[in-house]
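A.B. asks: here is the input, now give the coordinates:
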Amino acid sequence: MVENLELLLRQVVDVAILLFEFMGVIVIIVSGVKGIINYVKHNPAIRLHLAQGMALGLEFKLGSEILRTVVVRELSEVVLVAAIIVLRAALTFLIHWEIKVEKDQP
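C.D. replies: Down below sits the predicted model:
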């Protein structure tokens, strides 16, 4: 019974991880394409829109890494996932800081 529940949990988490990763990639791609279009149009808010899209995409990818911690079994996997989470969180923090600076500029 416990083995079946563990298998179900792993399957649900694996599907959720794939969904979050996929959504993160799609958001980043769409933001990048919009960024190119805004660059061609000489839109002055290009940096702000691109940073917001990248931040949202990274949030999805960060969510997938947090879910990944549910199914890791070995210490080496935990260390790797923790390092990825720290890196993505730092990137998200920097992007949010850039968004704030960009919004504060006249």
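
A.B. asks: tell me the confidence at the closest residue to Phe60 other than its chain neighbours?
C.D. replies: Using Cβ to Cβ, 6 or more residues apart in numbering and skipping residues adjacent in sequence, the residue nearest Phe60 is Gly24, 3.4 Å away. Where C-beta positions appear, they are placed from N, C-alpha and C, glycine not excepted. We have a pLDDT of 96 for Gly24.

A.B. asks: equivalent analysis for Ala51, please.
C.D. replies: 91.

A.B. asks: pull the contacting residues for it.
C.D. replies: With contact set as Cβ atoms under 8 Å, 6 or more residues apart in numbering, Ala51 has these partners: Ile95, Glu98, Ile99, Glu102.

A.B. asks: redo that, cut-off 10 Å
C.D. replies: Ser31, Gly35, Leu94, Ile95, His96, Trp97, Glu98, Ile99, Lys100, Val101, Glu102, Lys103 (Cβ atoms under 10 Å, 6 or more residues apart in numbering).

A.B. asks: for the helix or strand in which it is found, buried residues please.
C.D. replies: Using DSSP states H and E, Ala51 sits in helix 46-71. Burial within helix 46-71, assessed by neighbour count using 16 or more other Cβ atoms under 10 Å, is assigned to 46-65, 67-68, 71.

A.B. asks: equivalent analysis for stretch 80-87, please.
C.D. replies: Of the residues in stretch 80-87, Val81 count as buried by neighbour count, 16+ other Cβ under 10 Å.

A.B. asks: restricting to C-alpha, output it in CSV.
C.D. replies: Extracted C-alpha coordinates of stretch 80-87, given in CSV (Å, rounded to 0.1, in the frame of the first residue of the first chain):
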residue,chain,number,x,y,z
LEU,A,80,22.6,19.5,-6.7
VAL,A,81,18.9,20.5,-6.4
ALA,A,82,19.8,23.0,-3.6
ALA,A,83,22.5,24.6,-5.7
ILE,A,84,20.1,25.0,-8.7
ILE,A,85,17.5,26.5,-6.4
VAL,A,86,20.0,29.0,-5.0
LEU,A,87,21.2,29.9,-8.4
